[in-house]
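Participant: prediction below, plus the sequence it came from.
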Amino acid sequence: MINTRLSVAIHILALVAFNSKLSSEQIADSVTTNPVVIRRISSNLKKAGLLTSRAGVSGFSITRDPKDITLLEIYKAVNLEKELFSIHDKPNPDCPVGKKIQGTLDVTFESVQSAMENELNNKTLQEVMDHLFK
């Protein structure tokens with residue numbers, strides 16, 4: 001399912017790369033969301049080894065240089081569904097379309113997912129930041 005987690009995660013990492021002293025509340029203000037959302041996504045980024053924080057100390061740090069972090073890594077850290085598209089359950093097996101729609105769409109959706117992941121793998125956080133701070 002397509003959602004905003006990837007863009008928020010990139011937003012968080014770009015901000016932290018720019019200023020590691022920002023709190024969840026300050027990041028949430030930039031994203032215009034609730035700090036709980038920032039903490040939840042930051043937790044996913046920490047589990048993926050892209051972000052660190054210290055208890056009792058405000059702020060976060062990215063773990064690697066932005067040029068060494070691909071957008072695919074960020075995508076995988078926050079995309080909990082692991083699939084861009086999902087197919088509806090239990091189409092009618094007595095229908096000529098219903099009995100073959102899942103297998104047909106599986107092939108198409110896997111191809112689209114693969115193309116998207118290849119493109120994200122060829123883009124880095126640094127490239128995004130270069131556009132942000134021109």
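Facilitator: Everything's here; your move.
Participant: ok, the residue of the chain positioned farthest from its centre to residue 102 distance?
Facilitator: Centroid-distance maximum for the chain: residue 94 at 38.7 Å, with Cα atoms, centre = their mean. Distance, residue 94 to residue 102, by Cβ to Cβ, to the nearest Å: 14 Å. Where C-beta positions appear, they are placed from N, C-alpha and C, glycine not excepted.
Participant: residue 36 now?
Facilitator: Taking Cβ to Cβ, one finds residue 36 at 36 Å from residue 102.
Participant: one more: residue 43?
Facilitator: Following Cβ to Cβ, the distance that separates residue 43 from residue 102 is 34 Å.
Participant: OK, contacts around the nearest residue to residue 27 once chain neighbours are set aside?
Facilitator: Counting by Cβ to Cβ, 6 or more residues apart in numbering, residue 38 is the residue found nearest to residue 27 once chain neighbours are left out, at 4.9 Å. Counting by Cβ atoms under 8 Å, 6 or more residues apart in numbering, residue 38 makes contact with 8, 12, 24, 27-28, 31.
Participant: please apply the same query to residue 13.
Facilitator: Taking Cβ under 8 Å, 6+ apart, one finds 45, 50-51, 62, 66, 69, 74, 125 in contact with residue 13.
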